[in-house]
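# can you look at this prediction? I've put the sequence above it.
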Amino acid sequence: GSTIGILGGGQLGRMLSVAASRLGFKTCIFEPGGDCPASHVANFHMKAGYDDTEALTRFAQSVDVVTYEFENIPTAALDTVEAIRPIRPGREALRVSQDRLTEKTFLADLGLTVAPFAAVDGAEDLGTALAQVGAPAILKTRRFGYDGKGQARLATAQDADAALATLDGAPAILEGLVPFEREVSVIGARGADGSVACFDPGENLHEDGILRTTTVPARLSASQRTDAVLVAARILNALDYVGVLGVELFVTPDGFVVNEIAPRVHNSGHWTQNGCDIDQFEQHIRAVAGWPLGDGLRHSDVVMENLIGADMDRLPDLRTSGAALHLYGKAEVRAGRKMGHVNRRTGAA
Ligand code: ATP
Ligand code: MG
Ligand code: MG
């Protein structure tokens, strides 16, 4: 049997490992941390840093194909791995999504609508950016942000200096605040043969910048549903993508505004584990392994709720609630930390 290498050992790597194992693959994760969620279920754990070229080389040599669970892998590490084994999804998807400015530019060049944006490399750019984008706005670091970290909101231009101060001089972009009706996401997949399959869009609710719940079906019209899939397909094809991709969309009266993309399985796709025969993790492994994509048809309505920090206090009740529990095996509960999620089926599709 063949072995799939996974860069990153968090919960996404864990659930990818489980899916790979179900399909008869072995997995080897590369993760500097010791007791990480994926290490509990993967067959092999290469515990080394991304600057350890020798370990990266051994990792790549020990697997047949390499994928990843997060997009912020250092370029040099990717170069080392790619010289030995294919990386799927490919480098272009990583290059584009590692930097919000590159990502927004790529999406706009595809003819997709994004929030008005401008680069802010330093304090001197902020005035021009504000004039271009207007207020209210959000200042975001270009790299490494997740769960709303590295972001500051500006209600008016007067908040500019305070917002900038919170980012510690990191290169940033200023985005106009999109007055959205709701947020949805599409989890799309593209196979090695170029075929595309998308899961039904989910409706996302965020709290304090962190995804709280995803509900399927999303409140979308039939034409919006088609549109959402077309947006995802356009991105997948443009990147010559192989694997699963998350696309976050704002729903506005004038159509979709693309918020961001993630070149990997996505938190807002966790509902597929209990809403579809073939979930996003299996779909990703299928694509990466060069298998045909599976049928991601949704059989149930589902509400996915993230279990964050102190939500774990509810575990005794959740254990008996009949809902499907997915726990990540993280030893330490911390505020804002994703500890697991629960999928409640609310009816037949
Ligand atoms: P993730 O954990 O999804 O990767 P992130 O840290 O990359 O999150 P974003 O997705 O950019 O952050 O923003 C988090 C949330 O903040 C969005 O889901 C949305 O609710 C809100 N938001 C971000 N940008 C905008 C915008 N331009 N207009 C309106 N709301 C926004
Ligand atoms: Mg993000
Ligand atoms: Mg987001």
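Structure received. Ligands and ions are numbered 1, 2, ... in the order given.

# what does the longest helix along the chain contact?
Criterion DSSP state H: the longest helix present in the chain is helix 222-238. Around helix 222-238, the neighbours that count as contacts under C-beta atoms under 8 Å, 6 or more residues apart in numbering are 106-107, 110-112, 184, 186, 188-190, 194, 196, 198, 200-201, 220, 241, 245, 247, 249, 251, 255-256, 258, 261. All C-beta spots, glycine's among them, are computed from the backbone N, C-alpha and C.

# repeat that for 6 Å
Helix 222-238 has contacts (C-beta atoms under 6 Å, 6 or more residues apart in numbering) with 110, 186, 188, 190, 196, 198, 201, 245, 247, 256.

# nearest to V302, of those residues?
Nearest to V302, judged by C-beta to C-beta, of those is P201 at 12.7 Å.

# surely that closest one meets E183?
No: counting by C-beta atoms under 6 Å, P201 stays clear of E183, with 10.3 Å between them.

# who's more crowded, the two?
P201 (28 against 21; other C-beta atoms under 10 Å).

# report the contact partners of the more buried one.
P201 neighbours (C-beta under 6 Å, 6+ apart): 184, 186, 218, 228.

# all helices for the stretch 51-200 of the chain, in order.
With helices called from DSSP state H, counting those that start in this stretch, the stretch 51-200 of the chain shows them at 53-61, 75-82, 91-97, 100-109, 123-133, 160-165.

# got the domain ranges for this structure?
Here the domain parsing of the chain from automatic domain parsing is 3-87, 116-176, 182-348.

# on the pLDDT front, check A157 for me.
On the pLDDT scale, A157 is placed at 88.

# of the contacts of helix 222-238, closest to ligand 1?
V247 (11.1 Å; C-beta to the nearest ligand atom).

# contact partners of the helix or strand containing that closest one?
Using DSSP states H and E, V247 sits in strand 243-252. Strand 243-252 is contacted by residues 88-89, 178, 180-189, 232, 236, 256-263, 265-266, 280, 283-284, 287-288 when judged by C-beta under 6 Å, 6+ apart.

# pull up the pairing partners for that strand, direction included.
strand 182-190 (antiparallel), strand 255-262 (antiparallel) (DSSP bridges).

# what's in contact with the shortest one?
Read it as strand 255-262. Contacts of strand 255-262 (C-beta under 6 Å, 6+ apart): 97, 107, 112-114, 178, 231, 246-250.

# among the contacts of strand 243-252, which ones are buried?
Buried by 16 or more other C-beta atoms under 10 Å: 88-89, 178, 180, 183-189, 232, 236, 256-263, 265-266, 280, 283-284, 287-288, out of those.

# kindly reformat the contacts of P201 as JSON lines containing pLDDT and distance to ligand 1.
Formatted as JSON lines, these follow (pLDDT from 0 to 100; distance: C-beta to the nearest ligand atom, whole Å):
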{"residue": "V184", "pLDDT": "98", "distance to ligand 1": "11"}
{"residue": "V186", "pLDDT": "98", "distance to ligand 1": "14"}
{"residue": "A218", "pLDDT": "98", "distance to ligand 1": "14"}
{"residue": "A228", "pLDDT": "97", "distance to ligand 1": "16"}
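
# tell me the residues of the stretch 101-250 of the chain that contact ligand 1?
115, 138, 145-149, 175, 177-178, 183, 206, 209, 248 (C-beta under 6 Å from any ligand atom).

# from those, which is closest to F70?
Nearest to F70 among these, with distances taken as C-beta to C-beta, is Y146, at 8.3 Å.

# identify the residues contacting that closest one.
Contacts of Y146 (C-beta under 6 Å, 6+ apart): none.

# and it, how close does it get to H266?
11 Å (C-beta to C-beta, to the nearest Å).

# T214 belongs to a strand?
Yes: per DSSP: H, G, I helix; E, B strand; the rest coil, T214 lies within a strand segment.

# correct me, but it touches G202?
Yes: between T214 and G202 there is a contact at 4.2 Å, judged by C-beta under 6 Å.

# which residues are common contacts for the two?
Contacts common to T214 and G202, judged by C-beta under 6 Å, 6+ apart, are 268, 271.

# those two: who's more crowded?
Between T214 and G202, counted using other C-beta under 10 Å, the more crowded position is T214 (30 against 27).

# what's across from the more buried one in the sheet?
Here T214, judged by DSSP bridges, has bridge partners N204, M304.

# quick revisit: could you tell me the least trusted of the domains of the chain?
Ranked by mean pLDDT, these bottom out at domain 116-176, with a mean of 93.

# and that one, how far out from the chain middle?
Computed by C-alpha atoms, centre = their mean, to the nearest Å, the chain-centroid distance of domain 116-176 equals 22 Å.
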